[in-house]
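Participant: Below are the sequence and a predicted model for it; my questions follow.
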Amino acid sequence: MAISIITKEDLQQFKTELLEGIKELLHSKTTEQKLWLRTSEVKKLLNISSGTLQNLRINGTLSYSKIGGTLYYSYKDIEKLLTDFKH
């Protein structure tokens, strides 16, 4: 069995590499957008009321899917709505 000596510099390098790896993981998680959003998330994102969101559903401006009792909205549909609204 070989004996390895670990120096302070080795530990410092390991610490630096570990912290960089953790930063990359955290950054990739926060930049990754959810594909489906719940009603509360859509209202907060668009800064609209429940009634306005309901009107968007009723007139077909924003499509949704209902699973159980929960409504889900596609993030891509919301992006498209915002892009169309700007033009």
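Facilitator: Looks like it arrived, so ask away. Note that the structure is a prediction, hence the values are computed from the model and not measured.
Participant: quick one, longest strand in this structure?
Facilitator: In the chain, taking DSSP state E as the definition, the longest strand is strand 70-74.
Participant: Next secondary structure element downstream of that strand?
Facilitator: Once the chain leaves strand 70-74, the next helix or strand it forms, by DSSP states H and E, is helix 75-86.
Participant: Enumerate the positions of that next one that are buried.
Facilitator: Buried residues in helix 75-86, counting neighbours by 16 or more other C-beta atoms under 10 Å, are found at Tyr75, Asp77, Ile78, Leu81. To be clear about C-beta, it is placed using only N, CA and C from the backbone, and glycine gets the same treatment.
Participant: could you list every residue that touches the third one?
Facilitator: Contacts were defined as C-beta atoms under 8 Å, 6 or more residues apart in numbering; by that measure Ile78 touches Leu37, Val42, Leu45, Leu46, Leu62.
Participant: What of Val42?
Facilitator: By C-beta under 8 Å, 6+ apart, the contact set of Val42 is Ile48, Leu53, Leu62, Tyr73, Ile78.
Participant: does it count as helix, strand or coil?
Facilitator: helix (DSSP: H, G, I helix; E, B strand; the rest coil).
Participant: Thr70 versus that one, what's the distance?
Facilitator: 12 Å (C-beta to C-beta, to the nearest Å).
Participant: Mark which of the contacts of Ile78 are part of strands, please.
Facilitator: Those of these lying in strands (DSSP E): Leu37.
Participant: and the contacts of Ile78, which two are the farthest apart?
Facilitator: Pairwise distances across those (C-beta to C-beta) peak at 11.7 Å, for the pair Leu45 and Leu62.
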